[in-house]
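1. Everything below, folded, please.
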Amino acid sequence: MTWLKIALPLGVLVAGYFAMKGIEVSAADNVEKEVVDTRPTVTTFSLSPENITVTLSSYGEVLPLETTNLAAQVTGEVESWNPKFVSGGIVRRGETLFSIEKDSYEAALLLAEANLSSAQAQLIQEQAQAEVARIEAKTMPDARVTDLYLRKPQMMSAEAAVKSAQAQLKIAQRDLENCQVKAPYDALIVSRDISTGDYITQGTSAAVINNVEYAEVTFPVAGFDRHFLSDEIIGSEATLVLDDQQNTHIPVTIHRDTGVIDNATRMTHLVARISDPYAINDSNPAIKFGTYATVLFKGVTLENVFRVPQELVTNRTLWTLDEENNLVSHTVEVIREDGSDFLLRGTFDANSVVQSLPEYPQEGMPVRVINHNDDLVANRVKTQ
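-> Numbering: from 1, shown residues only. All right, here's what the predicted structure looks like:
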């Protein structure tokens, strides 16, 4: 019985040992049979060449087309002024802004009319006398017929007197009309410097007004953007995006190029013109002078370029796959940055552009493709 007590534990130990060895051998066989793919995984997508019209943007301030320092053209006392002739008021072209006392100018007009009538009467008399002299001269010897006898000097003097009287009449009419000071255009009153009862002289400053028939935005174009300006940029349509809560969009026209390049910034400047900025003729939103706005306008059309997310291009290098799913690098020409994308040209396989690169990509590195997305770029464009 003693030997059984010793042999039984030894048997259990031996059986456990061989069982453990059997499990290890079985596990080793399973490991040897599994093949582990250590290649990094990537996703790819396809690109298609496009013709893309470049959209350029700049920034500027809305300013009036012209500002006028309005002055009196006659001397006299201010009788009245238009209720809209106040700071911030809007007046129409030809509307009376203020009136100057006109009694003396009405009298001057009557005097000029009287002088003209007198001069015309004198001319009629001289014409009659000259006609009599001409008839009499036909019966006289030629030696006695002179210009003085024919009253030619008297006729010239009478004609000159009529012209002088006509000129005085025009001046009197003009001065009388200038007693009513009118707006030269649809205008915003910036400031008014006169009041009822003021005695003003010719040239006295009366007000400062801004033209509201048109406004302009002068905006810079950087040197790197000048290459993308279209030859037909002048006269083309653009969009003004106001710097307000609604980001209001207003159609404008590129009116002109200022024709110079700034010495300090090396920028050129274009001018956009806005019709009826204060919306006095329609229901569009008013654009106040001094508002800052973004100008969006079309440039040239780039033909056969690829739109690629910026994160896929590093140091002008784009990665694709060859037929055996190995990484291939390509040097590309970045034409322009457009939002979060690059517009580029290059020679590469546009059907296998790598979207998600390994952490340290190498030329010829084998990779495993887990997804191919043909609609990636199209979806990105739609969401921009």
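
2. residue boundaries of the helices in the stretch 151-300 of the chain?
-> Assigned helices in the stretch 151-300 of the chain, in chain order: 152-177, 223-226 (criterion: DSSP state H, counting those that start in this stretch).

3. what packs against the longest one?
-> Packing contacts for helix 152-177, counted by 3 or more CB pairs under 8 Å, 6 or more residues apart in numbering; DSSP states H and E, involve helix 103-137. C-beta coordinates here come from the backbone N, C-alpha and C atoms, glycine included.

4. in the helix it packs on, what's buried?
-> Of the residues in helix 103-137, 105, 108-109, 112, 115-116, 119, 122-123, 126, 130, 133 count as buried by neighbour count, 16 or more other CB atoms under 10 Å.

5. Report the angle between it and helix 152-177.
-> Helix 103-137 and helix 152-177 meet at an angle of 160 degrees, taking axes from the mean of the first three to the mean of the last three CA atoms, to 10 degrees as the criterion.

6. what residue ranges in the stretch 1-150 of the chain are flagged as low confidence?
-> When the per-residue scores of the stretch 1-150 of the chain are filtered using pLDDT under 70, the ranges that remain are 1-35, 142-143, 145, 147, 149-150.

7. who touches the residue nearest to Arg345 when sequence neighbours are not counted in this structure?
-> In space, and not counting its chain neighbours, Arg345 is closest to Glu333: 4.8 Å by CB to CB, 6 or more residues apart in numbering. Contacts for Glu333 (CB atoms under 8 Å, 6 or more residues apart in numbering) come out as 316, 344-346.

8. Going by distance to Ser191, which of the residues you listed wins?
-> The closest of the contacts of Glu333 to Ser191 turns out to be Leu344 (CB to CB; 54.9 Å).

9. I figured that closest one hits Val332, correct?
-> Yes: because the distance of 4.6 Å satisfies CB atoms under 8 Å, Leu344 is recorded as touching Val332.

10. Mutual contacts of these two, please.
-> Applying CB under 8 Å, 6+ apart, one finds that Leu344 and Val332 are jointly contacted by 313, 318.

11. Check Thr291 and give its pLDDT.
-> Looking at Thr291, its pLDDT is 91.

12. any idea how far Thr55 is from it?
-> If you measure Thr291 against Thr55 using CB to CB, to the nearest Å, the figure is 22 Å.

13. okay, those two: which has more neighbours?
-> Shown here are Thr291 and Thr55; by other CB atoms under 10 Å, Thr291 has more neighbours (19 against 13).

14. Leaving out the residues flanking it, which one is nearest to the more buried one?
-> Residue nearest to Thr291 in three dimensions, not counting chain neighbours: Val62, with 4.5 Å by CB to CB, 6+ apart.

15. of all the helices of the stretch 151-300 of the chain, which lies closest to Ile287?
-> Minimum separation from Ile287 across these (CB to CB) falls at helix 223-226, 24.6 Å.

16. who touches that closest one?
-> By CB under 8 Å, 6+ apart, helix 223-226 touches 56, 266-268, 299.

17. just stretch 232-252 next, same as before
-> Defining contact as CB under 8 Å, 6+ apart, one finds that stretch 232-252 is touched by 62, 217, 230, 253-257, 270, 272-274, 284-285, 287, 291-299.

18. If you count neighbours, what's buried in that stretch?
-> So stretch 232-252, judged by 16+ other CB under 10 Å, has buried residues 233, 238-240, 242, 248, 250, 252.

19. Could you work out the most separated pair of those?
-> Of all pairs drawn from the buried residues of stretch 232-252, the greatest distance, 23.5 Å, lies between Ile233 and Thr248 (CB to CB).

20. how many neighbours does Lys170 have?
-> By other CB under 10 Å, neighbour count at Lys170 equals 11.

21. quick thing: my sequence starts at 8, can you match it?
-> I'll keep to 8 as the first residue from here, and by that count the last item is Lys177.

22. tell me, which of the helices of the stretch 158-307 of the chain is the model least confident about?
-> Note on those: lowest mean pLDDT is at helix 230-233, with a mean of 88.
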